[in-house]
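> Structure for the following, please:
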Amino acid sequence: MITSIDSVIGQETRIPSQINREVEFLSSTLSLLRDSGIISNDEFLAAGSIQGGLNLLSAMISNSADSEELEIQISSLKDRALSICKRFPNLDGKIESKR
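Purely as a prediction, here's the structure:
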């Protein structure tokens with residue numbers, strides 16, 4: 001998840017279509033991992049909050065949100081992802097293994 005966030009927000013120009021592709025990747029990957037028993041339902045739900053946050057970020061960019069508002073959302077997403085990674089240390093690796 002932290003890898004997903006870094007891949008789309010570390011760029012100078014944030015493009016909603018890139019973020020949307022990452023949201024789609026997370027959606028399909030998380031479902032696959034949960035359905036195959038690789039991640040728990042708790043991991044699925046926690047990672048889903050990052051997916052939702054990226055979706056919100058995409059909408060904010062599409063609606064020309066102020067850069068300060070975008071930075072607040074990005075900071076919040078990063079903090080949430082880091083917290084989830086501490087709670088589920090192997091989750092990011094499991095997600096990235098499907099890339």
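> C-alpha only now, for contacts and for neighbours.
Noted.
> need the helix or strand of this protein with the lowest average pLDDT.
helix 2-9 (a mean of 78; mean pLDDT, DSSP states H and E).
> Quick check: what element follows that helix along the chain?
For helix 2-9, the succeeding helix or strand toward the C-terminus, using DSSP states H and E, is helix 16-35.
> What residues of whichever helix or strand comes after that following helix count as buried?
Following helix 16-35 in sequence order, the next helix or strand is helix 41-62 (DSSP H and E). By 16 or more other CA atoms under 10 Å, the buried positions in helix 41-62 come out as 43-44, 46-51, 53-55, 57-58, 60-61.
> Give me the contact list for stretch 63-78.
When contacts are defined by CA atoms under 8 Å, 6 or more residues apart in numbering, stretch 63-78 is touched by residues Ile2, Ile5, Ile9, Ile50, Gly53, Leu54, Leu57, Met60, Ile61.
> residues touching the first one, list them.
By CA under 8 Å, 6+ apart, Ile2 lies in contact with Lys78, Ala81, Leu82, Cys85, Asp92.
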